[in-house]
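Q: Need the 3D shape of this:
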Amino acid sequence: MASKLTQLTQQKSASELQTMSRDSHLWLTKKINGLRNPAAMAKSISLEKSRQIDKHKLPGYSGKFLIGGLYFFMYNPKLKHDLPYYDVFPLVMPLERYNDGFLGLNLHYLPIKYRLLFMDKLMDYAIMNDENEVKRMRVTYDLLNASRRFKEFRPCIKRYLHGHITSKILAVEPNEWDVALFLPVHQFKKAQPREVWEDSINEIRNS
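A: I've put the predicted structure just below:
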């Protein structure tokens, strides 16, 4: 999986990446519609591939969200008026759970190249199934914070409250992670994406 993510940036031509972006949009459009209309999703997409549950839980085993998985959802931050900017459609990998929410990495805060390189590094901590396929990541805040190797995590780390999730939650299957990372579906408020990413790059370089 790690080599696949790296090859996407190193071996794809500009035209191939544009094609991938178009295909990715088609892939996600159906799933975004499902966030707003679960009945429509059931007709167009396999429920096994895009599990949805109550908005106060994240998809995972035994009704609990899966630490180290990858998820899309709509979000309305509690302190949005105090934030310089925020993303209302994050792509999040949960790291720690709390009674009222969870700590996670919103990968949208990285430009795509940094996003892919960061995920390549995290693949060293992938948990595999019996078929040698990625299930999830075994990653913690302490692990990321203790090493300069993972300094890309700093602009991504965010705290999310269950009560401020405003949609169903889409679980991105590991075999779809590479596609999800390319999707330009961030929805930043109060700043343009290039401004957000410039701030993130500066934070990474200065950490």
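
Q: ok, which stretches of this structure are helices?
A: 2-11, 14-36, 38-44, 112-122, 141-145, 177-182, 193-206 (DSSP state H).

Q: Hmm, Lys135 is touching Asn129, no?
A: Yes. In this structure, Lys135 is within contact of Asn129 by CB atoms under 8 Å, at 5.1 Å. In short, each C-beta sits where N, CA and C put it, glycine included.

Q: For those two, work out which one has more neighbours and name it.
A: Lys135 (15 against 10; other CB atoms under 10 Å).

Q: show me the contacts for the more buried one.
A: Going by CB atoms under 8 Å, 6 or more residues apart in numbering, Lys135 touches Ala126, Ile127, Met128, Asn129, Pro174.

Q: Now for the fourth one: which residues touch it?
A: In other words, Asn129. Lys135.

Q: wait, doesn't Cys156 sit right on Tyr114?
A: No. The criterion here is CB under 8 Å, and Cys156 misses it with Tyr114 at 9.6 Å.

Q: what touches both of these two?
A: Ser200.

Q: who's more crowded, the two?
A: Cys156 (24 against 18).

Q: quick one, what contacts the more buried one?
A: Leu105, Asn106, Leu107, Tyr109, Leu110, Phe118, Ser200.

Q: How about Lys190?
A: When contacts are counted by CB under 8 Å, 6+ apart, Lys190 touches Leu83, Pro84, Tyr85, Tyr86.

Q: Now do the phi/psi pair for it.
A: Here is the backbone geometry of Lys190 (degrees, to the nearest 10): phi 80, psi 0.

Q: Just the contacts of Lys135: which are in strands?
A: Ala126, Ile127, Met128 (DSSP state E).

Q: isn't the last one right up against Val134?
A: If I follow you right, that is Met128. Yes. Assessed by CB under 8 Å, Met128 is found in contact with Val134 at 6.2 Å.

Q: Which of those two has more residues huddled nearby?
A: Val134 (17 against 12).

Q: can you pull the pLDDT of the more buried one?
A: We have a pLDDT of 90 for Val134.

Q: surely it meets Val172?
A: No. Using CB under 8 Å, Val134 is not in contact with Val172; the gap is 11.5 Å.
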